[in-house]
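> Make a model of this:
(one chain, ligands or ions: 1)
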Amino acid sequence: MKRIFSGIQPTGDIHLGNYVGAIRNWVYLTGEYDCIFCVVDYHAITVEYPIEEMRRRTLDAALILLACGLSPENANIFVQSHVREHTELAWIFDTVTPIGEVERMTQFKDKAKQHRSNINMGLMSYPVLQAADILLYKAGFVPVGEDQVQHIELSREIARKFNGRFKPIFPEPQEILSMAPKILGVDGQSKMSKTLNNYIGILEEEGEIWEKLRNAVTDVNRVRRNDPGDPAVCNIYTIHRAFSDNNMLLEIDKGCKTAGIGCIDCKKMLFGNLKNELTPIREKALALGKDMGYIEDVLAKGAAACGAIAKTTMDEVRETLGLYIP
Ligand code: TYM
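Take a look at the predicted model:
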């Protein structure tokens, strides 16, 4: 079976962008692939974070993955720092990665702007660690949102560089995009993200979700209810495409263009579908939250299985590098 690897940072709230851009797709793919999903805590420490919350956030991220439909039966789920080989391989990859390649990464440039007082080495070599995450398991496919595509391209480049210099032992991983690879935030301008606080969390209460949706920016040229709108430039329509069926999409497309459906009605229709999909997830998360011991067991099982694969790869890597192995 072909192998998939993907990861998510334990940054607190997991939002609609993470869900439709990645997690929901991961669940779809579990039947076809050998799946490994990782809560990437070492990635999350490249920026300032509340130390006392990290443990909880990590467990919560795993809990959400399970609430969304992943399980130890269909995937290995684990925490990055529990498999030591990730950072070990990242160091080796650092030695084949040209600095120019990491400096030109859009995410590095954005984060360097956001965190001017803490532009650390980890922030820069972040995509090298990401390449190590994937290649440690020789995963050929990586389901991610659009913002990660550049990092996957770099992973291919790193695999090529390593294979060319030493021996061809790594695949060149390909990204798999979901049907909604880029969800904008409620500001209708930037990518939905925790940092920009323009997100709708997947575990938020219905009332909170509606408040955010009600105020969300739509087609800015549609000022009055009677103005026709353009679904192609409306972020609410993009979210509809991820949550609504074809009949509803056609109805909205037509209604928006002819001013037959107002923005609030359109949002109410979306809200109905969001509720249908997210309420069972929230309920499952609440139930899972009563037994954190189970989450810990799932993560321990995932780390044991992944740790064994990681060890085999690192033994091969050390040998390939020509190191002295006693
Ligand atoms: P992270 O934690 O920022 O996001 C997790 C996943 O959610 C996707 N995503 C989105 N998709 C659509 N619209 C959005 N607004 C949106 N926001 C986030 C991301 O593309 C991602 O797939 N560097 C990664 C984590 C990582 C990783 C890996 C991924 C570490 N190692 C190895 C794949 C393979 C990250 O920060 O994702």
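> Look up how far the ligand lies from the nearest residue to Gly307 once chain neighbours are set aside.
For Gly307, ignoring the flanking residues on the chain, the nearest one in space by CB to CB, 6 or more residues apart in numbering is Val83 at 5.0 Å. No exception for glycine: its C-beta is placed from N, CA and C like everyone else's. Look at Val83 and the ligand: by CB to the nearest ligand atom, to the nearest Å, they are 12 Å apart.
> check which helix or strand covers Asn163.
Asn163 is part of helix 149-165, with elements assigned from DSSP states H and E.
> For that helix, name the packing helices and strands.
For helix 149-165, the elements it packs on are helix 85-94, helix 99-103, helix 106-114, helix 121-135, strand 141-144, strand 174-177, judged by 3 or more CB pairs under 8 Å, 6 or more residues apart in numbering; DSSP states H and E.
> For it, C-alpha coordinates in PDB please.
C-alpha atoms of helix 149-165 as PDB (Å, rounded to 0.1, in the frame of the first residue of the first chain):
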ATOM      1  CA  VAL A 149       2.900  23.000  -1.500                       C
ATOM      2  CA  GLN A 150       6.100  25.000  -1.600                       C
ATOM      3  CA  HIS A 151       7.400  23.000   1.400                       C
ATOM      4  CA  ILE A 152       6.600  19.700  -0.400                       C
ATOM      5  CA  GLU A 153       8.500  20.900  -3.400                       C
ATOM      6  CA  LEU A 154      11.400  21.600  -1.200                       C
ATOM      7  CA  SER A 155      11.100  18.100   0.300                       C
ATOM      8  CA  ARG A 156      11.400  16.700  -3.300                       C
ATOM      9  CA  GLU A 157      14.500  18.800  -3.800                       C
ATOM     10  CA  ILE A 158      16.000  17.600  -0.600                       C
ATOM     11  CA  ALA A 159      15.300  14.000  -1.500                       C
ATOM     12  CA  ARG A 160      16.900  14.600  -4.900                       C
ATOM     13  CA  LYS A 161      20.000  16.200  -3.400                       C
ATOM     14  CA  PHE A 162      20.400  13.400  -0.900                       C
ATOM     15  CA  ASN A 163      19.800  10.600  -3.400                       C
ATOM     16  CA  GLY A 164      22.200  12.300  -5.900                       C
ATOM     17  CA  ARG A 165      25.000  12.800  -3.400                       C
END
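> got the buried residues for it?
For helix 149-165, the buried set under the neighbour-count rule, 16 or more other CB atoms under 10 Å, comprises 149-159, 161-163.
> possible to save those as CSV with pLDDT?
As requested, the buried residues of helix 149-165 are exported to CSV (pLDDT from 0 to 100):
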residue, pLDDT
Val149, 98
Gln150, 98
His151, 98
Ile152, 98
Glu153, 98
Leu154, 98
Ser155, 98
Arg156, 98
Glu157, 98
Ile158, 98
Ala159, 98
Lys161, 98
Phe162, 98
Asn163, 98
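> Can you convert the residues you listed into a markdown table and add a column each for distance to the ligand?
Shown next, in a markdown table, are the buried residues of helix 149-165 (distance: CB to the nearest ligand atom, whole Å):
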| residue | distance to the ligand |
| --- | --- |
| Val149 | 8 |
| Gln150 | 10 |
| His151 | 6 |
| Ile152 | 7 |
| Glu153 | 12 |
| Leu154 | 11 |
| Ser155 | 8 |
| Arg156 | 12 |
| Glu157 | 15 |
| Ile158 | 12 |
| Ala159 | 13 |
| Lys161 | 18 |
| Phe162 | 17 |
| Asn163 | 19 |
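> which one among the residues you listed gets closest to Val102?
Leu154 (7.4 Å; CB to CB).
> Report pLDDT for the residue lying closest to that closest one once chain neighbours are set aside.
Distances taken as CB to CB, 6+ apart put Pro127 closest to Leu154, at 5.0 Å, once the chain neighbours are dropped. For Pro127, the model assigns a pLDDT of 98.
> got the contact list for Pro127?
Counting by CB atoms under 8 Å, 6 or more residues apart in numbering, Pro127 makes contact with 102, 105, 107-108, 150-151, 154-155.
> try Leu321
Applying CB under 8 Å, 6+ apart to Leu321 gives the contacts 92, 166.
> rerun at 6 Å
Contacts for Leu321 were tallied using CB atoms under 6 Å, 6 or more residues apart in numbering; there are none.
> how about the residues of this structure near the ligand?
5-9, 17-18, 21-22, 40, 43, 130, 133-134, 142, 144-145, 147-148, 181-183, 191-193 (CB under 6 Å from any ligand atom).
> Among those residues, name the ones in helices.
Here DSSP state H is the test, and the residues of the chain next to the ligand give 17-18, 43, 130, 133-134 as lying in helices.
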